[in-house]
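In: please find the sequence and the predicted model below.
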Amino acid sequence: MIMDSSRLAGWVKSSHSGVENACVEWAPSRAAEAGGVPVRDSKDPHGPALVFDAAAWSSFVAGVKAGELA
């Protein structure tokens with residue numbers, strides 16, 4: 001699902017952000033309201049956010065932490 005990210009507050013920037021500022025942000029405090037975890041490109045804070053279901057987001061985060069998505 002794609003949603004308007006400008007109406008959401010509480011964005012958190014990834015601690016795995018690169019030096020080129022290629023970052024992912026998510027709004028964990030808005031997950032229930034959005035029906036999943038809202039994720040956006042930090043370089044476009046007024047652009048759209050993708051909403052992932054909790055299981056997909058957890059799997060993605062686990063993969064990043066395990067170094068599988070480097």
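Out: Received, thanks.
In: show me where pLDDT drops low in the chain?
Out: 1-9, 16-22, 34, 70 (pLDDT under 70).
In: please, where are all the helices along it?
Out: 31-34, 54-65 (DSSP state H).
In: for residue 24, find the nearest of these.
Out: helix 54-65 (9.4 Å; Cβ to Cβ). All C-beta atoms are positioned from the backbone trio N, CA, C, and that covers glycine.
In: buried residues in stretch 36-45?
Out: 36-40 (16 or more other Cβ atoms under 10 Å).
In: which of the residues you listed lies closest to residue 25?
Out: residue 40 (5.4 Å).
In: quick one: neighbours of the nearest residue to that closest one once chain neighbours are set aside, just the number.
Out: Of all residues not flanking residue 40 in the chain, residue 49 sits nearest, at 4.1 Å (Cβ to Cβ, 6 or more residues apart in numbering). For residue 49, the count of nearby residues is 26 (other Cβ atoms under 10 Å).
In: if I read this right, residue 38 contacts residue 27, doesn't it?
Out: Yes. Counting by Cβ atoms under 8 Å, residue 38 does reach residue 27; the two are 4.6 Å apart.
In: now residue 49: how far from residue 66?
Out: The gap separating residue 49 from residue 66 is 25 Å, by Cβ to Cβ, to the nearest Å.
In: then residue 52?
Out: 18 Å.
In: next: residue 58.
Out: 12 Å.
In: those two - which one has more neighbours?
Out: Between residue 58 and residue 66, counted using other Cβ under 10 Å, the more crowded position is residue 58 (12 against 9).
In: now do that one against residue 13, distance only.
Out: With Cβ to Cβ as the criterion, residue 58 and residue 13 are 19 Å apart.
In: nearest to residue 45, of the helices of the chain?
Out: helix 31-34 (16.0 Å).
In: hey, C-alpha coordinates of that closest one in PDB?
Out: Taking Å, rounded to 0.1, in the frame of the first residue of the first chain, the C-alpha atoms of helix 31-34 are listed here in PDB:
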ATOM      1  CA  ALA A  31       2.000   1.300  12.400                       C
ATOM      2  CA  ALA A  32      -1.400   0.400  13.800                       C
ATOM      3  CA  GLU A  33      -3.000   3.500  12.200                       C
ATOM      4  CA  ALA A  34      -1.500   2.700   8.800                       C
END
